[in-house]
Every structure is written in structure tokens, then in C-alpha cells.
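Asks: here is my input, please return the structure:
(2 chains)
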2 protein chains.
Amino acid sequence: MSSLSDEFHVFDTTLRDGAQREGINLTVADKLAIARYLDEFGVGFIEGGWPGANPRDTEFFARAATELKLENAQLVAFGATRRAGGTAEDDAQLRALVASGAPVVTLVAKSHDRHVDLALRTTLDENLAMVRDSVAYLRAQGKRVFIDCEHFFDGYKANRTYALSVVRAAHEAGADVVVLCDTNGGMLPGGVREIVADVLAETGARLGIHAQDDTGCAVANTLAAVDAGATHVQCTANGYGERVGNANLFPVVGALELKHDRRVLPEGRLAEMTRISHAISEVVNLTPSTHQPYVGVSAFAHKAGLHASAIKVDPDLYQHTDPALVGNTMRMLVSDMAGRASVELKGRELGYDLSTDRELAGRVVDRVKEKELAGYTFEAADASFELLLRAEVQGAQDRFFTLESWRAIAEQRADGSTANEATVKLWAKGERLVATGEGNGPVDALDAALRAAVGRFYPQLAKLELTDYKVRILEGQHGTGSKTRVLIETTDGESTWSTVGVAENVIGASWQALDDAYTFGLVRAGLNP
Amino acid sequence: MSSLSDEFHVFDTTLRDGAQREGINLTVADKLAIARYLDEFGVGFIEGGWPGANPRDTEFFARAATELKLENAQLVAFGATRRAGGTAEDDAQLRALVASGAPVVTLVAKSHDRHVDLALRTTLDENLAMVRDSVAYLRAQGKRVFIDCEHFFDGYKANRTYALSVVRAAHEAGADVVVLCDTNGGMLPGGVREIVADVLAETGARLGIHAQDDTGCAVANTLAAVDAGATHVQCTANGYGERVGNANLFPVVGALELKHDRRVLPEGRLAEMTRISHAISEVVNLTPSTHQPYVGVSAFAHKAGLHASAIKVDPDLYQHTDPALVGNTMRMLVSDMAGRASVELKGRELGYDLSTDRELAGRVVDRVKEKELAGYTFEAADASFELLLRAEVQGAQDRFFTLESWRAIAEQRADGSTANEATVKLWAKGERLVATGEGNGPVDALDAALRAAVGRFYPQLAKLELTDYKVRILEGQHGTGSKTRVLIETTDGESTWSTVGVAENVIGASWQALDDAYTFGLVRAGLNP
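Replies: Modelled structure (predicted):
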């Protein structure tokens, strides 16, 4: 069982509220995978969905019962208070919550008088009875109950007395936590702090906070509620959620642990934060936000020449926390703003000492500027940068093979079938090689042709796998003519690297990135051209 | 001249601090274009860069003097206090600030004792003299001076007395505003409010705030400083900036205008916010964040079935502000979570009444679910959704041409030259058409071939232009096999629409998206197949 104390709850709702984000569609397998990551991170509660309301969530709870071995977290089922005019015992929706097997239930309740009237279409008193009955019923079934007071802050402003009476009803009926929800996300921290403090003083209920990010203040609103006495925070991984999103789990936990000095995760888990954030974005199939606080690849990246020289003196002068504490790393960016100091630091990061040869560092800077002007980016293509650096250090490029020509053909025939074929002609170890490959698409075919051509000389290529492929059209709006930039991510099973290619057409750009990807892989495998 | 009052400053530093963001590289033309958008939005001050420190910024100020006609904003030059041990009058860097012609100068000054020691390598007293001399010199040259106290909050915590003495030195020497900078971005709103209030009480100086977003609280920190008495906020468009970024101009202004009820923009400009945010992201060549508060395309988008039915009753129940106030719109998302209510609302948005035919709405929902399962996304492809809807309403797809087959060939020859050629065979108006096109890449060639084949039947195609092209590899990690999704944006010069294609290879997916793009364009031009 969990070593987590019950004094403070980190409650994750990625699987329910996070899944409302535009662009996210989770399968049951996705939900199970995310639950495992969240448990590994060390949250106390994982809200899995609304069993009964949709078949996917029902299946999730059924499979979770046998397939999920949770180390830290408790699984939570989400549902609503009983229907107006009915009884809790006869409410199919409430019975489905019990049947889900989850030990904890979150019930959403209306706390804004206008919503009771217009959306729920019942009386204010009946709504209070719905809260009381539903909580009491679930408590009698042995469930722990949290209440989500939907639209609480708007409701409090419209009718404070009624909003407080909903909190009291839930509290008195046995709800463990009453969660104040800023459902429309319009609050700012000052207002949250004031209202949470007032509700706490008036009701004595244990309070939680659920903030949406529509003002860009969800993290701050969550922390303001904690300052005012809330001891339960509802968040989603990477801030996923409807509209702008929910309070982002990672900066909330980061602030609690590192700024408030409050231990909310099991020992050692904070350092997994960056990895887990990225892993969850892979499962939901969204590119990780590069600029996410704490965990983004840019979160500890430095580009300004001014900073680069000071960082050489003392890194702590220019970072708010040690990136290692959250599993991230400081990076020096190579860009056309780079001066020698930045390139030297980047070289050091890669294991090349450029500090003793100012002329060499200057040549690298010039070469980077020239390539970036042509549309390359080395910020996102460390391996291509390292090859450029090696070429300047060695006086020659690493070349395991030399291209003569390539041709790719893609077609869709009249019978609807498709074919993709590519031919490469190249030189390796003094031999001229011609090979043709087929694939799912023209780039895949080109990849197959390259492997077919040089595979017998370089069996190491068999270990390399392309794991990501991105295409960007560089717009010609500033008169430079439109170009295509391809970024390829490659792995040898142990580490991963990125390479870049730029050309007028997507296949030419892909070839360059492939060439760099394999060349770098062979260098890394210890080969010399 | 500006109608803006001097009582509260909205100060934008996109062109200087925002340009530090990983992935941004601004030309002088870009900077001039952004300055025009910021001025149109109505900020009071535009910090243009550091003249003298880099040639691009020097050129920017030179061109701004003749090319920029600012309606609201004043241009600001950024620089540093004089060198240690020198005089202000002899400092080339300060003279370059004067020579820039900007009426306002922001000077960065050290206020953290450890930075004075380790980064500046001078004494604490000399640093104070540097502040006093530099401010006095620039005031004598007729400039208005703002002081950016770098690392102020960390410095205040380390040595409050010294940090306060830097504020006093600047204030007494004639700086109009002393800006407290959270340079490393580690602050939370509670701490900011406390420290700003203390500095104000101790020094009486007019205070500004410059917040970085490393804790995810830059907007809230900015607002906390305003609550405590700061009357000058430094922000960047879309929150661009080093590492995680800076305080985002748009939610800061949104909160001040809509939540604090403080007029900080000229009349009518708030409604331009969404357009200007997107225009600036186009200039810097970054995809606009879909989930940005107020201005993101998802910021007022609703997907949950639960909400969709309530929104039909009263939209204000589910939005924190009227999206029209910031130039945005409410959108109903079509996704595989969609129930009939969402599809009906979406249909109404597009001008189709589905509420009277439940069976039809159900068929549309089924068709959307089936296509989304296959990898399509209609959330980002409204035109493809509308064609799908029309097909169900009409009982037949809109078909101006019918494909028989296509073939695309891309090659790079031994002499380094490249060629891209595509052939399409298709039927239109009863005729079989075969045409070949050339282009910059295979998709461009396919586009040319299609236009060559059917252009004489549909001269309207000449008006259509592809304005964006995005490729995404849908990972096969859940056993579905890897697929490629292409999104294409097309314009007829008046409006813009997006279409989607999914196939195993990028060219097949592009064909589908092209087919939808042109079909939609012809429907919109009033043609019937």
C-alpha cells in the first residue's frame, strides 16, 4: 500500500477531465498506460472516468481491477449526484459508480443557483437533497466520497449563501473533501484565496481546488487555494483539459515540493517528472510542449550570449532551481545568436574542448550562422550539430557513404492499390552500389534502399530505428522562397538523436536528415569512416 | 500622438526579450512588422532591442526612425549601465542608446549582490554609482529612463538592504520607473505581492514588474505586482521568451481589462487581440498555440457532450467571458466524443439545421467516429467535416472530378540537380483527363498536375492557394500500423479552410487533403458538381 499521507491530496484527473482536450482521444489501453505513469510519479488519486456514462470508461474500470497494480494511488470513479425527483438507491448512474469497484468516488454537484435552475431544471432545495442523498448512499456502500462543486466560484459570487449551503450539505452528509471548482476558469489568484479562506472559515469542511486555465492562472489559482487552506489539488498531466486546459500537475507539484518545501510525492519521484511528462504526451499522441515549466526541453535552455558568459562562472546564477531535481537538464542552444561562449559550452556538453582554439570556435559559429540562414535549425538537431562540429575539428566530414543520386516513385493505381519505390546510387568503401527499396511511403522506401545498399558494410545500421519524423514548410513570406525542413529522430535502443535536412522538396530534405542520422549512428557505434 | 494615459504602462519586450525564445530568429523586417502589430494593439511602449550591441538592432532603430509611424506606442532602446570604472559620457554603449533616437531607454542594472560580485566583478558601491551616473547621463540627453533591476527578487531575498539601495539610487537619479525583474522566474504570486508592497513602502519609487514563466505563474505574478501597486507591466506577445518564456501580454491585458476592469488599451483594441496574437506568431514563424488563454483556437471550444446540451440553453453558463470581446469565437468540436447535441450545434454553426432529423444527425456522428478511428481529425479540418456533412445531407459526395490514378516521381541526379514530376489520370464532366505537372516537391507537382488536368473546366481553381501544409506521423505504438496525416490550409483570398487526408504514405494523404480542399473551394464558389 501507499506510503502517502492523507494530509495532502495530489488528485489527478487526466483520464477524465484531461481527455476533454481538443485533439485527445484515449483508448482503454492508453488510459491504463497513463494510470501506470501517474502511479509511478506518485499521485495519491487517479480519476479514471465516468463508469456507466460511456462504455470505454466502464471497460477501463473493469480492466483496471485486474490489470492495474497501483503502488501509490487510489482509483477514483467520477459521477453525478442522483437525478432530481428520484432516490439514490434507484439511480442507475450511482449504482454504476459502486459497481466500478473504485474505492473512491468523486461526485459532481451544482453549486451555482442559476445552473441548478437552467441546466439541472430543479429547485435549490432538491439540489441540496440530491447532494445529501447521493453522498450518504455512497458512504453506506463503503466508498470514500469527494464532491466537485461545479461552477463554485461563479456561484459564490452570484449567491454566496446558497453556494455555502451546498458545501455544508456535502460535508455534513459525509463527503471527505469538498472541491471548489473554477469550471469556467475565469478566476484570478487573489479572488481564489479570499473565497477559499471564507468557505473554510464558514464551513470547516476539508477543501480542495479544481482550476481551469482560461485566465492563464490555473497553477497560481491552485497554489492560492493551498495558501488559503485547501489540502487537495486536482490537476492534469501537462495541463490537458477542455478549452485552454486544467491546472498542470507538474508545475503544481514542482511549486509545492521546491518552493513551498512540502513533500507531496514519495521520496525520489520528483526527479522522474520530466520523463513522465514526456511519456504521457507520447501516449496521448501530442508533441510535448517544449516550453512547459520545469519539464519542457526549453525550460532550462539558454541562448543569450549575455547569459552564456555568466553561466560559465556559476550556473545557479541563471536558474531558479537545479534541473536535475525534476529530471531535466540545462542546455546551451546553438543558434545564430550564439557567440563563441555558447558554442564552447555546447562543445563541452558534447565532450569537445573548444576553449583552447578560438579560431576553431569562430569557424563553428560562422558555419552555424550560414546553415541557419539557409533554414537549418540546430536547436532541435543536436546530432547534426555534433557532425558539423566534428567536421570542423577533424577538417573533414564523417562520410561512410557518398551519394551519387536517388529517385523515389509513389503511385496510386487505377485499382486503388499503392506502391512506393526508391532507388539510390552511392559509393561506399570504394564500391559503387545501386539498390532499390520499397516502403509505406517514399521516405520509408528511400530508407529501405539505403539499408539495402550499404547494409552489408555496416551491419550496425540494422539496430537503428527511426522513431519520429517531422516536416515543416518554411514559409517564403519574406522573399526567401519556400523550403521544407525535416527533423528525424533515431534510436539505437539505448539513446536517441535528432538530425535535420532542408531542401526545396520533402524527399530531398528527408535524405539529408537520414544521411546525418545514420552517419551519427555509425560514429556513435565507434566506427571510423 | 497617443491617447494613452501615462498612469499605467503596458510595456512590450517581444522584440528584445521575446526574441530569446528557442526557435525564434527575427529579421529587421520581422521586427518592424511586429512593432506595427503591437502599436495597432495599443501597447504604450515597444522595446526594440539593444542598439550598438548587435548590428541587427542598430539597423532596426535606424529603419524605425523613418519607416515606423507609431500611433500609440513609444519606442524604447534597451541597454546596460555604464562599465565599471568608467564614466557615462565615455561609454560607447550608452552613447549608442542616445544615438538610436528612441525617446525612452530601459537600462538593465544588477540588484543582486552576488551577481555584482561574480558576473559584473565590481564592488557594490561602484554598481550603485553606475546606476546613478547612467540614469543622470541619459536624463541629461533628454531621454526618459526605466531601470530593469535584474534578479531583483532573488537579490531581495539574499540582501534586502542592497536591493532596496539600487531601487533608491535609480529613483533618486531620475528613473521614471524601477522595474523589478524575476529574471530566473522562480517566484510565486504570494511572494511577489509581498516584496512589491515592501519596496513601494520603503522607496516610494514608481514600480514595474518583469516576470518570467519558469513556475508557470508569470501572468499571475504580473497581476500580483499590480495588486501590490506596480503600474508598469513588461510582457511579450504570446509569452515568447527565454526558457519557458515571459509574462504573456494577452492574458495580462485580458485580466486587466476584463477582470480588473482597468482600461489599458485604446478603445476597441481588445477585440483585435486574437487576430494580432496569430499575426505575430505568423511573423515569428511559430504555430500559434491552440491552447493559449483568450486567443487560442481552443480557448472557447467545447467538446464534452455534457456541456454541449447546457450550452444550447445558455452559452454564458460555460464561458468565463464573451469571446467576441477578445476577437475569438465559441466553437463546437466534432470528435468521437461527440453526441448528437454537439453535431447539431456544429451543423448550425455551418448553416445546416440537423435538429429536425435525428436519424441524419446520428449518421453524421457514426461517420465521424468511423473516420476518426482511422486517424482523421475533424477538429482541425472544418472543410472536410462540412463535405462529410453535405454528403450525408445530400446522400452523395460533392464530386467535381474522380480520380483514376496518380504517380509522383522525385529524384536527385548525379549532377546534384533535382526534379519532381507527377501525373494524374482522372475523370471530369464525362472526359478522361491525363496531365503531368512539375513542382518544388512531389506534392507541389501533384497540385500542378491536378490544376493542369481540370483547370479548363474549373477556372475558379486559379484563385485558390495552398497556404499551409502540415504532416503528422500517427504512431503505430498501439498496434494500428503507422499512418501519415496531412492537414492542408487553402485560401481563396477572402476566407481560409482546412482539410485532412490520411494514408500510409504522405503523398496519398496529401492527395486526399488536396481533393477536399479544391472540392470545398468549388462548392464555396457556388458550383454544383
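Asks: residue A:507: what secondary structure?
Replies: Following DSSP: H, G, I helix; E, B strand; the rest coil, the label given to residue A:507 is helix.
Asks: find me the pLDDT at it, would you?
Replies: On pLDDT, residue A:507 comes in at 87.
Asks: show me the contacts for it.
Replies: A:406, A:408, A:442, A:443, A:446, B:410, B:441, B:442 (Cβ atoms under 8 Å, 6 or more residues apart in numbering or on different chains). In this view, the C-beta of every residue, glycine as well, is placed from N, C-alpha and C.
Asks: cutoff 7 Å now
Replies: A:408, A:442, A:443, A:446, B:410, B:442 (Cβ atoms under 7 Å, 6 or more residues apart in numbering or on different chains).
Asks: state the distance from it to residue A:294.
Replies: To residue A:294, residue A:507 is 38 Å away according to Cβ to Cβ, to the nearest Å.
Asks: ok so, going back, top of the contacts of residue A:507 by number of neighbours, please.
Replies: Counting neighbours by other Cβ atoms under 10 Å in any protein chain shown, residue A:408 leads the contacts of residue A:507 with 32 neighbours.
Asks: touching, it and residue A:436? I think so.
Replies: No - Residue A:408 sits out of contact with residue A:436 when judged by Cβ atoms under 7 Å, with a separation of 10.4 Å.
Asks: coming back round to it: from the contacts of residue A:507, pick the one nearest residue B:168.
Replies: residue A:443 (62.9 Å; Cβ to Cβ).
Asks: hmm, who's touching the helix or strand containing that closest one?
Replies: Taking DSSP states H and E as the criterion, residue A:443 maps to helix A:442-454. Residues outside helix A:442-454 that contact it (Cβ under 7 Å, 6+ apart): A:401, A:406, A:408, A:410, A:420-424, A:426, A:428, A:433, A:435-439, A:461, A:466, A:507, A:510-511, A:514, B:410, B:505, B:507.
Asks: try it again with 8 Å
Replies: Under Cβ under 8 Å, 6+ apart, the answer for helix A:442-454 is A:400-401, A:406, A:408-410, A:420-424, A:426, A:428, A:433-439, A:461-462, A:466, A:469, A:506-507, A:510-511, A:514, A:518, B:408, B:410, B:442, B:505-507.
Asks: can you say which of those residues are buried?
Replies: Buried by 16 or more other Cβ atoms under 10 Å in any protein chain shown: A:400-401, A:406, A:408-410, A:420-424, A:426, A:428, A:433, A:435, A:437, A:439, A:461, A:466, A:469, A:506-507, A:510-511, A:514, A:518, B:408, B:410, B:442, B:505-507, out of those.
Asks: rewinding a little: can you tell me which of the contacts of helix A:442-454 end up in helices?
Replies: If you go by DSSP state H, the contacts of helix A:442-454 have A:506, A:507, A:510, A:511, A:514, A:518, B:442, B:506, B:507 in helices.
Asks: list just the nearest of the residues you listed to residue B:366.
Replies: When these are compared against residue B:366 (criterion: Cβ to Cβ), the nearest one is residue B:506, at 28.4 Å.
Asks: rewinding a little: now, the most widely separated pair of the ones in helices among the contacts of helix A:442-454?
Replies: Farthest pair in the ones in helices among the contacts of helix A:442-454, by Cβ to Cβ: A:518 and B:507, 23.5 Å.
Asks: thinking again about what came up before, so which two of the contacts of residue A:507 are the farthest from each other?
Replies: The farthest-apart pair in those, when distances are taken by Cβ to Cβ, is A:446 and B:442, at 12.1 Å.
Asks: make TSV out of the ones in helices among the contacts of helix A:442-454 and add distance to residue A:77.
Replies: Below are the ones in helices among the contacts of helix A:442-454 laid out as TSV (distance: Cβ to Cβ, whole Å):
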residue	distance to residue A:77
A:506	47
A:507	50
A:510	47
A:511	52
A:514	48
A:518	49
B:442	50
B:506	42
B:507	46
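Asks: how about the strands in the stretch 101-250 of chain A?
Replies: Assigned by DSSP state E, counting those that start in this stretch, the strands in the stretch 101-250 of chain A fall at A:104-110, A:144-150, A:177-182, A:207-211, A:232-235.
Asks: could you confirm whether the shortest one reaches chain B?
Replies: No - judged by Cβ under 8 Å from any Cβ of the partner chain, strand A:232-235 makes no contact with chain B; its nearest approach is 11.3 Å.
Asks: partners of that strand in the sheet?
Replies: Each strand paired with strand A:232-235, and its direction, by DSSP bridges: strand A:9-12 (parallel), strand A:207-211 (parallel).
Asks: out of these, which is the most enclosed?
Replies: Looking across these with neighbours counted as mean count of other Cβ atoms under 10 Å in any protein chain shown, the highest average goes to strand A:207-211: a mean of 28.
Asks: got the CA positions of that one in PDB?
Replies: Taking Å, rounded to 0.1, in the frame of the first residue of the first chain, the C-alpha atoms of strand A:207-211 are listed here in PDB:
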ATOM      1  CA  LEU A 207     -11.500  21.800   0.900                       C
ATOM      2  CA  GLY A 208     -10.000  21.000  -2.500                       C
ATOM      3  CA  ILE A 209      -9.400  23.100  -5.600                       C
ATOM      4  CA  HIS A 210     -10.000  22.400  -9.300                       C
ATOM      5  CA  ALA A 211      -8.800  25.200 -11.500                       C
END
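Asks: now it and strand A:144-150, what's the angle there?
Replies: In terms of direction (axes from the mean of the first three to the mean of the last three Cα atoms, to 10 degrees), strand A:207-211 departs from strand A:144-150 by 50 degrees.
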